[in-house]
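Visitor: Using only what follows, build the 3D model:
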Amino acid sequence: QVHLVESGGGLVQPGGSLRLSCVSSDTIFRANTMGWYRQGPGKQRELVAAISPDGKITRYADSVSGRFTISRDNARDTLYLQLNSLKPEDTAVYYCNAITTYRLEFSSPLYSWGQGTRVTVSS
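Guide: This is a model prediction of the structure:
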């Protein structure tokens, strides 16, 4: 069973930044397309960023494009999400997962969910 452990969340003021991390126990992490999802209060979970196995292709939801950056370190089996220019509407629990494709609209998660990491944007 693959374990995904997210970290790095917290309380931040609007306009601030955070860096999220996700460590995977999957020994074939480097072979997987990976993504970051988020679930805001009263909302469905949505895929906001994706990255190809080699890190060369990234995709973002319109709501975060230009503000968030997804990256990965395959040597460390670790996925990152840099969050800049945060807005109150970015408040959510953020999750990582391996996904079927970096094309966001067609992608689905592959593994069970971790506990997520909570991001709260508030003044």
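
Visitor: CA only for contacts and neighbour counts going forward, please
Guide: Will do.

Visitor: The residue nearest the centre of the chain pairs with what?
Guide: With distances taken as CA atoms, centre = their mean, the residue of the chain nearest its centroid is residue 36 (2.2 Å). Beta-bridge pairing of residue 36 under DSSP bridges involves residue 49, residue 96.

Visitor: can you check residue 10 too?
Guide: According to DSSP bridges, beta-bridge pairing links residue 10 with residue 119.

Visitor: same thing with residue 58?
Guide: Under the criterion used (DSSP bridges), residue 58 bridges to residue 51.

Visitor: mind checking how far it is from residue 38?
Guide: 17 Å (CA to CA, to the nearest Å).

Visitor: The two: who's more crowded?
Guide: residue 38 (22 against 18; other CA atoms under 10 Å).

Visitor: Tell me which helix or strand the more buried one sits in.
Guide: strand 33-39 (DSSP states H and E).

Visitor: Tell me how far that strand lies from the chain's centre.
Guide: 4 Å (CA atoms, centre = their mean, to the nearest Å).

Visitor: what do you get for stretch 94-110?
Guide: So, by CA atoms, centre = their mean, the centroid of stretch 94-110 is 10 Å from its chain's centroid.

Visitor: Buried residues of that stretch, list them for me.
Guide: Across stretch 94-110, burial judged by 16 or more other CA atoms under 10 Å covers 94-104, 107-109.
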